[in-house]
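**Q** Task: produce atomic coordinates for the following.
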Amino acid sequence: MNRTIFAALAAMSMAVSGPALAASKKEDSCMHQAAVVAAVQQARLDRVKEREVPAAVKAQATWPESFNTAIPLVTPWVYEMKMRDVNKNDLSAAWKEMCLAQ
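**A** Numbering: from 1, shown residues only. Model (predicted):
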């Protein structure tokens with residue numbers, strides 16, 4: 001599962017951020033990525049069907065449009081988890097921590 005997280009994080013970082021970021025840009029990028037993860041997690045908690053997640057999440061997006069590319073990367077990761085793990089864990093905080101560590 002961690003391999004999936006890192007692969008999605010790397011792909012999203014390259015798609016959204018470019019080769020080198022200043023610290024504040026990296027923090028902003030990680031914040032937006034975490035918001036996407038939180039939205040997908042909430043969709044799962046709301047029992048949105050996996051195939052309907054992109055439309056449901058985009059409809060409520062508060063991040064720049066370029067971060068929508070992360071939705072199909074994050075959705076399988078969240079939907080593969082057991083519901084109790086989705087309920088108990090703050091996935092966006094975990095994602096942000098991993099993002100900032102890179």
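
**Q** all contacts plus neighbour counts: C-alpha atoms, from now on.
**A** Noted.

**Q** buried sites along the stretch of helix or strand Ala94 belongs to?
**A** Assessed by DSSP states H and E, Ala94 sits inside helix 91-101. By neighbour count on 16 or more other Cα atoms under 10 Å, the buried set for helix 91-101 is Leu91, Ser92, Ala93, Trp95, Lys96, Cys99.

**Q** just checking, what packs against that helix?
**A** helix 23-45 (3 or more Cα pairs under 8 Å, 6 or more residues apart in numbering; DSSP states H and E).

**Q** by contact count, what packs against the helix it packs on?
**A** Judged by 3+ Cα pairs under 8 Å, 6+ apart, the packing partners of helix 23-45 are helix 2-17, helix 53-59, helix 71-80, helix 83-88, helix 91-101.

**Q** pLDDT on it, on average?
**A** Per-residue pLDDT over helix 23-45 has a mean of 94.

**Q** swap in stretch 61-72?
**A** Average pLDDT, stretch 61-72: 94.

**Q** okay, how far is it across it, tip to tip?
**A** In stretch 61-72, first residue to last residue: 14 Å (Cα to Cα, to the nearest Å).

**Q** Tell me the gap between that stretch and the middle of its chain.
**A** Computed by Cα atoms, centre = their mean, to the nearest Å, the chain-centroid distance of stretch 61-72 equals 9 Å.

**Q** Please apply the same query to stretch 66-82.
**A** 6 Å.

**Q** Find the centremost residue of this structure, please.
**A** Val37 (3.1 Å; Cα atoms, centre = their mean).

**Q** got a list of what it touches?
**A** In this structure, Val37 makes contact with Ile71, Val74, Leu91, Ser92, Trp95, judged by Cα atoms under 8 Å, 6 or more residues apart in numbering.

**Q** The same query, at a cut-off of 6 Å, please.
**A** Contact analysis of Val37 by Cα atoms under 6 Å, 6 or more residues apart in numbering lists Ser92.
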